[in-house]
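Engineer: Here's a sequence, model it:
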Amino acid sequence: PTDLPTYPFQREHYWLAPQSPGDARSLGLAPAEHPLLSTAVDLAGREDLVLSGVLSIATHPWLADHAVGGGVLVPATAFVELALAAGGRVGIDRVGDLTLEAPLPL
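Structural biologist: A predicted model of the protein is given here:
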């Protein structure tokens, strides 16, 4: 047998409040200095670069202007701009060919 406490259990909950999604720059990452890209990280021991960013109507309200079939899609020109920005960071100044297989909904 197990002894149970002689007092009533407290019915109060202590949950952590959810935090809003943070900006990757708050993690100490280098800023990418681009309106669509937030951070740039050079990978240790390699010549690779990882770029990241957040695309949403909250961060880029103009994206709402590209509504198709009742939903908001990332415009193809944004993909071109992302490719040019990433390429520019590594010495490539043009996009020779870009095929989009599927739309990117927001």
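
Engineer: Surely Leu84 and Val95 touch.
Structural biologist: Yes. Using C-beta atoms under 8 Å, Leu84 makes contact with Val95 at a distance of 6.2 Å. For the C-beta atoms, the positions are set from N, CA and C on the backbone; glycine is no exception.

Engineer: Show me where the protein has its helices.
Structural biologist: 76-89 (DSSP state H).

Engineer: Could you point out which residue ranges in it have low pLDDT?
Structural biologist: 5, 10, 19-26 (pLDDT under 70).

Engineer: Just give me the neighbour total for the closest residue to Val50 other than its chain neighbours.
Structural biologist: Nearest residue to Val50 in three dimensions, chain neighbours excluded: Val41, at 4.6 Å (C-beta to C-beta, 6 or more residues apart in numbering). Neighbourhood size, Val41 [other C-beta atoms under 10 Å]: 15.

Engineer: which residues in this protein form strands?
Structural biologist: 30-31, 39-42, 49-52, 67-68, 71-72 (DSSP state E).

Engineer: which helices and strands does the last one pack with?
Structural biologist: In this structure, strand 71-72 makes packing contacts with no helix or strand, judged by 3 or more C-beta pairs under 8 Å, 6 or more residues apart in numbering; DSSP states H and E.
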